[in-house]
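Visitor: Sequence below, structure please.
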Amino acid sequence: MNKTSKKLLAAGLGLSMIAAACGGDSVAGSGDGELKFGGILPETGNLAFLGPPEFAGAELAVQDINAAGGVLGKDVVWLPGDSGDNGDVANQTVDRLLGEDVDAFIGAASSGVSLTVIDKITQAGVIHFSPANTSPAFTTYDDNGLYFRTAPSDVVQGAALADLILQDGNETVAFLVLNDSYGTGLLEAAKGPYEAAGGTVTYEVVYDPKAENFDAEIGEVVAADPDAIVVIGFDETSKILTGMIEAGVGPADKAVYGTDGNMGNALASSFDDPSVVAGMRGTLPGVDVAGTLADFKAKLDAVDPALEDYSYSAETYDAMVLVALGAIAANSDDATLIAPKLNDLTKGGEKCTTFAACKDLLEADNDADIDYDGVSGPLEFGPAGEPTQASILILEFDGSGSLKVVDSIQGQIDS
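Guide: You can find the predicted model right below:
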C-alpha cells in the first residue's frame, strides 16, 4: 500500500500523518446474519473510571441501531465484557466472546491491554475496534486490516500537550510516565514537539505503576526544579500527586499537567480534599459532550443516570455505528467483508450524521458513497483505520476540584 504523507497542524505544531483511501466491493458474505458486538471495556482496573461512559455509549448505540431497524433485518447484539487492566482479564473475556461468535470487539480502553489481545482477535478474523487506544504503535501494527479506532493517535495529543505547556509559559518540564505503550508513546509524542519549539526537558522517568511509593522519582523532580511537571499515568496518579504535594511540588506550587489516562473526576474524588488538585491542567482527545452535545448527553444520562465523566462515550458510540453501517454496506456480518468498507464510510460522498440516515442511503443503494460524521467528529479515517482529524480538549480542575473543559485544539490535515 502506498503511503501519502500529510501534515497535521495542531495548535501551530507541525506533525506528519498518513491519510489515504481504502475500500472494497460489496459482496454477500458468509456470516450468520446476526451482527454481534463483544465488549472488552474497563469494568475493573486502573482505567475503571472510563468504563461507565464507554458502556453507556455502547448501550446507546445498540438502542439507536435497533430502533432504526437493526442490521440485515435483525437487531444487533451487545455482549459486554471486562478488560481489567492486564492481559489475563482481557484474554479471558476475548476467549469467552469468541466462543459466542462475536463479529466485532469494542475496546479495550488501555492501549497496553489491547496489545495483549489484538493478535488473538484479528487472527480469528474478527474486527478489533477501540474507542480509546491512543498509542502510536497501532498505526503500523500488522492487524490483517481488522483493527480500527475512533480515538486519534497520541501523535496528535502529544503535540497539543506540548503546545499547552509552552503557551502557559513553561520553558522547562519534567515527565513522570507510566511504563506501558501508552505512557512511553505519549512521552515521545509530547517531548519531541516541546523540545523542537525550544523547551527543555530537565528530567524524565518511566515508572512502575505498581510501586509502593514514588519518593525517589519525586525527589529527582524536586532536584530538577522544572517550571512544569507532567504525569502520564492511570489511577496511581493520585499516589504520585500525594507525594508531590507533600514535597512542595503539587498543583499549588508548580504547573502540573495530566493526560487522558488520569484527567477524570475520579482523580479529585480520591482525595479527602478534592481542592488539592485545583489548577492541574491536561489534555483529552475527544469532544466536550457535557458542554456542546446536550442531546447526546441527555441520552447517555438516560442510559446511566450516575455518569460523572463522558470521556470516550462518543467514540464508543461511533465505533459501533460505523461497524453496523459497514455490515449493511457489505451485506454481511462477516468481519472480513465489513472491515474493507469502514474507512471509506467516513469520508467523501454524501454526508450523514445518524445511523438511521446513513442506513437509508446504503439500503437504497448498497454501493452508495456516504460520509458518516459521528458525534465524536468527522472521523475521516486514513488507511490505518484511525481518524485523521481530531479534537483535543484542554481540561482544568477548578478551585473545588471539579474538572472543566476550558478550551480545545483542532487537528487538521492538509491535503
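Visitor: Next, give phi and psi for G107.
Guide: G107 adopts backbone torsions of phi 130, psi -170, taken as degrees, to the nearest 10.
Visitor: Helices along this structure, start to end?
Guide: Using DSSP state H, the helices found in the chain span residues 51-67, 87-98, 111-123, 154-167, 181-196, 215-224, 237-246, 265-269, 289-292, 294-303, 313-330, 335-342, 355-364.
Visitor: by contact count, what packs against the longest one?
Guide: With contacts defined as 3 or more CB pairs under 8 Å, 6 or more residues apart in numbering; DSSP states H and E, helix 313-330 has these neighbours: helix 51-67, strand 104-107, strand 127-130, strand 147-149, helix 294-303, helix 335-342, helix 355-364, strand 370-372. All C-beta atoms are positioned from the backbone trio N, CA, C, and that covers glycine.
Visitor: CA atoms of the strand of greatest length in the chain as PDB?
Guide: Scanning the chain for the longest strand, with DSSP state E as the assignment, gives strand 403-414. The C-alpha trace of strand 403-414 is given here as PDB (Å, rounded to 0.1, in the frame of the first residue of the first chain):
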ATOM      1  CA  LEU A 403     -13.000  19.100  36.200                       C
ATOM      2  CA  LYS A 404     -13.900  21.700  33.500                       C
ATOM      3  CA  VAL A 405     -13.300  22.000  29.700                       C
ATOM      4  CA  VAL A 406     -11.500  25.300  29.200                       C
ATOM      5  CA  ASP A 407     -10.500  25.100  25.600                       C
ATOM      6  CA  SER A 408      -9.900  22.800  22.700                       C
ATOM      7  CA  ILE A 409      -7.400  22.300  19.900                       C
ATOM      8  CA  GLN A 410      -8.400  21.100  16.500                       C
ATOM      9  CA  GLY A 411      -6.100  19.000  14.400                       C
ATOM     10  CA  GLN A 412      -6.500  19.500  10.700                       C
ATOM     11  CA  ILE A 413      -4.900  17.600   7.800                       C
ATOM     12  CA  ASP A 414      -3.600  19.400   4.800                       C
END
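Visitor: picking that back up, which one of the helices of the chain is the most hemmed in?
Guide: Across these, the average number of neighbours (mean count of other CB atoms under 10 Å) peaks for helix 313-330, which reaches a mean of 28.
Visitor: Show me which helix or strand of this structure is least confident by mean pLDDT.
Guide: Lowest on mean pLDDT, DSSP states H and E among the helices and strands of the chain sits strand 5-10, with a mean of 28.
Visitor: Please name whichever of the helices of the chain is nearest to P80.
Guide: helix 51-67 (6.4 Å; CB to CB).
Visitor: Keeping just the C-alphas, turn the closest one into PDB.
Guide: Extracted in PDB, the C-alpha atoms of helix 51-67 (Å, rounded to 0.1, in the frame of the first residue of the first chain):
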ATOM      1  CA  GLY A  51     -15.800   2.200  31.900                       C
ATOM      2  CA  PRO A  52     -19.200   3.900  32.700                       C
ATOM      3  CA  PRO A  53     -19.200   6.400  29.800                       C
ATOM      4  CA  GLU A  54     -17.900   3.800  27.300                       C
ATOM      5  CA  PHE A  55     -20.500   1.200  28.400                       C
ATOM      6  CA  ALA A  56     -23.200   3.900  28.200                       C
ATOM      7  CA  GLY A  57     -22.000   4.900  24.700                       C
ATOM      8  CA  ALA A  58     -22.200   1.200  23.600                       C
ATOM      9  CA  GLU A  59     -25.700   0.700  25.000                       C
ATOM     10  CA  LEU A  60     -27.000   3.900  23.400                       C
ATOM     11  CA  ALA A  61     -25.600   2.800  20.000                       C
ATOM     12  CA  VAL A  62     -27.300  -0.500  20.300                       C
ATOM     13  CA  GLN A  63     -30.600   1.200  21.200                       C
ATOM     14  CA  ASP A  64     -30.300   3.600  18.200                       C
ATOM     15  CA  ILE A  65     -29.300   1.000  15.700                       C
ATOM     16  CA  ASN A  66     -32.100  -1.400  16.700                       C
ATOM     17  CA  ALA A  67     -34.700   1.400  16.900                       C
END
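Visitor: quick check: angle from it to helix 294-303?
Guide: Angle, helix 51-67 to helix 294-303, by axes from the mean of the first three to the mean of the last three CA atoms, to 10 degrees: 100 degrees.
Visitor: so helix 51-67 versus helix 355-364, what angle?
Guide: Using the same axes, to 10 degrees: helix 51-67 against helix 355-364 is 40 degrees.
Visitor: re the thing from before, and G33, which of the helices and strands packed on helix 313-330 is closest to it?
Guide: Closest among the helices and strands packed on helix 313-330, using CB to CB: helix 335-342, at 12.7 Å.
Visitor: Centre of the chain to the closest one, how far?
Guide: When distances are taken as CA atoms, centre = their mean, to the nearest Å, helix 335-342 is centred 21 Å away from the chain's centroid.
Visitor: For it, name the packing helices and strands.
Guide: strand 127-130, helix 313-330.
Visitor: could you give the mean pLDDT of it?
Guide: Here helix 335-342 scores 98 as its mean pLDDT.
Visitor: Now do T44: how many residues are near it, please.
Guide: 12 (other CB atoms under 10 Å).
Visitor: Report the separation between the two terminal residues of stretch 124-141.
Guide: This stretch, stretch 124-141, spans 16 Å end to end (CA to CA, to the nearest Å).
Visitor: Hmm, I typed the wrong one, I wanted stretch 220-235.
Guide: 21 Å.
Visitor: now that stretch: mean pLDDT?
Guide: Mean predicted confidence for stretch 220-235 is 98.
Visitor: now do stretch 387-399
Guide: Stretch 387-399 carries an average pLDDT of 95.
Visitor: ditto for stretch 200-207
Guide: 98.
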